[in-house]
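Mind folding the following:
(chains A and B)
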Amino acid sequence: MAKATKVIHKMETDPEVRHECELRELEQLLTNHKEVLGDILSIADKMKDRELLDMMSSGLGQGDRIVHRIVTALDDSETPQSIKNALLLFQLLGTVNMTELEPLVLKINTGVSKAAEYEHGNEKAGYAGLIGALKDPEVVEGANVLLQILKGMGTQKDEEEHIKPQTERVRNPEREMDEQENDHAEGQKKPYGYALAAGAGALMMIPLILLRK
Amino acid sequence: MNDHLEITLNGTKQSVQNDVMLLSHLKENGTEPPHLCYHESLGALETCDACIVKVNGEYVRSCSTTINEGDVVETVGDDIHEAQLIAMDRILGNHELYCTVCDFNNGNCEIHNTVKEMRISHQDTPHTGKDHEVQRNAFYRYDPDQCILCGRCVEACQDLQVNETLLIDWTLERPRVIWDNDTTIDESSCVNCGHCSTVCPCNAMMEVGMEGEAGFLTGMAEETFRPMVDITKDIETGYGSLMAVSDVEATMREERIKKTKTVCTYCGVGCSFDVWTKDREILKIEPQEEAPANGISTCVKGKFGWDFVNSEERLTKPLIREGDEFREAEWEEALYLIEKKFKENRREKGPDSLAFISSSKCTNEESYLMQKLARGVIGTNNIDNCSRYCQSPATMGLWRTVGYGGDSGGIGDIAQAELVISVGSNTAESHPVLATRVKRAQKLHGQKVIVADLRENELAGRADLFVRPAPGSDLVWLSAVTKYIIDQGWDDKAFLRDHVNDVDEYMASLDKYTLEYASDVTGMTKEELIEIATSIHEAKTTSILWAMGITQHGGGSDASTAISNLLLVTGNYMKPGAGAYPLRGHNNVQGASDFGSMPDRFPGYQFVTDDDVRARFEENWGAEIPTEPGLNNHEMVEAIHEGNLEMLYLKGEDMGIVDSNINYVQSAFEKLKFFVVQDIFFSKTCQYADVVLPASPSLEKDGTFVNTERRFQRLYKVMDPLGESKPDWQIIQEIANRMGAGWDYSHPGEIMDEAASLTPLFAGVSYDRLEGYDSLQWPVAEDGTDTPLLFEKEFPLPEGKARLWPVEWTKPLEFEDQYDLHVNNGRILEHFHEGNMTYKSEAITGKTPEVFLEVSPQLAAERKLEDGTKVRLTSPYGSVKVSCIVTDRVFGKQLYLPMNTAGEGAINHLTSSHSDKDTDTPAYKEVSVKMEVLEPKGKSPLPKTNHRYGNPQPQIGVNVEEKWARRDYIFPGDIVKARRGDK
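Below is the predicted model:
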């Protein structure tokens, strides 16, 4: 005759037996991962030496408060701008053709060396001297290179631009579709005339720049 | 009409299927335009405008455009792209892209993916909020500031689930989704079925289980979230990098979020879906369109009712009784005790002194092993399962008339029937997802619905005709309708001639079922009877659904037979959209019997008395099997009382609560010499056990279930068993092996292979053929061909013909005058069976915390009852205490007491041992009581946050015309046309 009962006695596991069992499991785990554990402990030692473990422990313990503090501070500071700039720079690097850039960099380096060697007032300044310098093939070659750079700078490249941050776009709502609409309405502009004019103007400015003290 | 049309697509001529929408064709063709509101299961909603293409030079939404001969379709072009961008820009004005810190960023966010595919780098319309707080309850939440107003949730709620709660209020300055008349989720009519969160393309409507859990960066404090989003947007340089970073994060999530296909363990509809888990934590249930029974549909239990798996109340160690107490024990000790006791009794009293009860909650493989243990190891046919409590009469009625005890077709057939008759079935609450198909077909496609029930349940409230026959009188009106049809010459004479035997004998038996007699017995009017007959006559296809209101009577098998007779007379078998649909109650009611947990049948309904069949099993099992049928559940209880049965091994069933006349059943348990109960919780039945074994629920094991459509579906193990619990098949195998069986199953797939090899009914079933969402409907031939439509050419009876089976009405139990109230009983939507799983869900229990008694306004006025009045109901067999709800769902002196409690309101304190005369299924529905008021005033058992107090707002779809009529709306195609025109 088994009367209904709800009384259940939980099994009391002998703490020593349980401890023994857990130790055995742990021992097995350690043996199985001996090498990895060695490496991890070595790293942990170094972290301990530099108090990194203490820092992490404190940081995790106060995780929510710290994250909130950091996020709020970041949101109010220039840091997002720095991170954004870093990301933009990173993206820009992808657009640079390093093969083509190398000779130009060498030329600029040479120019910089020469500029460093140049001493103000040692040579006779004046338009005549400048015109005389234009006879120098290296100066002519340099001016040609600069002209090409200016020409390139004058080319319309808006449509290839694609690294606008989201918030900036939301704050400045002259947007893709407007641009596309303009493109559709007016067709592709031919910027070469303006570019050449701008390039020539800039070239005219070079002597003035060089004359500045 | 031609099946195919010729069109020109992007300059190329091609042939297109005639009846598909343009978007569907473009998707098949690989030229799919972007789209966000379109959903395969919902169709065209026309709200997002993203799928604009050009047809014959005009901009159109491809989702809602039909294809005509000679159409010239363009999907690419600057102008088309521009129109699509305008649409997407409006969407992004409603949805903020903070993907990396969004819980929905799991690779399936449709906005994220569309922005990426369209290479959108920025937006014209800045995102702004809708100036309304987030709506939430314990199941899901709605963030209006993330909502793109696609209307999928509304369409799903209005026209798929047909709960008609959600709307978009297009009259607001900033439209948003609202519940009923713009109330909170909890105060609305929302039933928390989860359709809305399932179809939402983004994180606007999301399961709360996902919040702060899915992502690596999403669990931050609320006040940190906003600055984090701002920083993310500040530093992520355009959507390109945003997409890349969030894609990486989404990929990382795949490492820790496991998505496993399973089959629901609640009702017999057989919903399947993916379970998303993080370790043991269930993040959400994600239904899939490819799920054969339910598609994207779920009910509140399937979508949100899984907390029980991790409940602290789960049994995790075996228990052994010592006197009037239990103590936890090791498996070895428990199994040794079972072995010793079973062996002793078999030796001393013979194998028939033991009995075994399997469960319709467990898998097919477990049901198979349980009967193999009984028959092949112990040597007794004393094996049954709990479908004895519900569905055996329906099976009997179908065996008699059409030869197979299963649904004639699938849920799709019910949906396509011209006429659905539901008899004694609370379908919308007991089989919610199946009911959605009926509600949808009626609402959108003109399906006619007739409901015969005592109570105005949800489907009855929606029915074209609702009739209320007297309790237990269904056989009479069914037979009278059949006779009237024959008398009118509306019977399908060709069908009867070609496919049915015993016609004349049956027709002669109908003489007494005149309209007058039926009206007299049932209380239905003659007009109602004639209308039912006429409806059947006028419909090309009629499907009849029935459940416990038919089966749980003294004449349950006969009433089921009468239904099948009516279908045969009207030729409503052997064609899609027609037939008999006994709605199986538990997830595996069908499978438990299919796999032989019955005293007289092996798997596949092969008789144990058939020498050839028995020899086949004996050879395979290497055992001798008894030749005579054993005891069913009902007979087992009797045998215990008579001292002829001493030991019982029962799994997965709280028989001490769910059997009828439980005082009698419980006193039988007390008399058992040795009682083993295997369950996931310490149930009422466990209290009487000598050994309790901790089992694993469906999420912790592999296996298969068979749903009400006769459909085999696989469930995959989602997580390891909790504690020391084990899958039932492993426990049964360990017990069998201790009894000397020598079984060596390492996976349920091996058990299925063995069962299929012995069972012609499903010879072709194998795990390989049930991979993922693949399914098979029995009979399944050896080559894997299955049978969605059960009867196509013939019936599995002599001459290949069905047979009409004359039946007599069995009058329901009569009670003394003092028992003046009739107690109807059954299920409610939110809880399942005795509630041992669903009450573990805090969210569900918050909505429906306890059982309640429905009383009619008339009775309430007469007895001075109100919401919260506590009463005692007393029948000749026992009494219950329960609090009242006054509702017009019930009438006059009829009460409704849901079965979902194991406490002092448990219905089976009132029921008798009276049972169906042919199957011994308890006559649960034949109960009368007297009522005594205990506390006139009290707290209502049903909080006002229950959906029953809501105020549904029916409409068709999302009312997109209201959106189009807004002054601030211009069709993107028109904008582009104007711009181009200005050029």
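
Spatially, what comes nearest to B:Asp502 if we skip its sequence neighbours?
If the residues on either side of it in the chain are set aside, B:Asp502 comes closest to B:Arg803, at 4.6 Å by Cβ to Cβ, 6 or more residues apart in numbering or on different chains. Every residue, glycine included, has its C-beta placed from N, CA and C.

so how many other residues sit close to that neighbour?
Neighbourhood size, B:Arg803 [other Cβ atoms under 10 Å in any protein chain shown]: 22.

the strands in chain A, which residues?
Along chain A, counting by DSSP state E, strands occupy A:8-9.

domain parsing for it?
For chain A, automatic domain parsing gives the domain ranges A:17-76, A:98-211.

residues making contact with stretch A:11-19?
B:Lys317, B:Arg327, B:Glu328, B:Ala329 (Cβ atoms under 8 Å, 6 or more residues apart in numbering or on different chains).

Look up how far chain A lies from the third one.
In other words, B:Glu328. B:Glu328 sits 4 Å away from chain A, going by Cβ to the nearest Cβ, to the nearest Å.

neighbours of the residue nearest to that residue when sequence neighbours are not counted, just the number please.
Closest residue to B:Glu328 apart from its sequence neighbours, by Cβ to Cβ, 6+ apart: A:Met11 at 3.7 Å. By the criterion of other Cβ under 10 Å, A:Met11 has 12 neighbours.

how close does the residue most central in space within chain B get to B:Trp179?
Geometric centre of chain B, nearest residue: B:Val269, 3.7 Å, by Cα atoms, centre = their mean. Distance, B:Val269 to B:Trp179, by Cβ to Cβ, to the nearest Å: 26 Å.

Then B:His81?
Per Cβ to Cβ, B:His81 is found 37 Å from B:Trp179.

same question, B:Ala329
From B:Ala329 to B:Trp179 the distance is 51 Å (Cβ to Cβ).

try B:Cys63
Applying Cβ to Cβ to B:Cys63 and B:Trp179 gives a distance of 26 Å.

Low-confidence regions, chain A specifically.
Regions of chain A meeting the criterion pLDDT under 70 cover residues A:1, A:76-77, A:91, A:120-125, A:157-213.

Going along the chain, name the helices of it.
Ranges of helices within chain A are A:15-32, A:34-49, A:52-61, A:63-76, A:79-93, A:98-117, A:127-133, A:137-153, A:166-171, A:176-186, A:192-211, based on DSSP state H.

quick one, which of those helices is nearest to B:Ser841?
When the helices of chain A are ranked by proximity to B:Ser841, the top entry is helix A:63-76, at 28.6 Å, counting by Cβ to Cβ.

and for that closest one, what are the contacting residues?
Under Cβ under 8 Å, 6+ apart, the answer for helix A:63-76 is A:Gly59, A:Thr79, A:Pro80, B:Met220, B:Ala221, B:Glu223, B:Thr224, B:Pro227, B:Met228, B:Asp230, B:Ile231.

what about the residue of the stretch 651-800 of chain B found nearest chain A, how many residues close to it?
The minimum distance from the stretch 651-800 of chain B to chain A, using Cβ to the nearest Cβ, falls at B:Gln687 (3.9 Å). For B:Gln687, the number of neighbouring residues by other Cβ under 10 Å comes to 20.

Many thanks, I have nothing further to ask.
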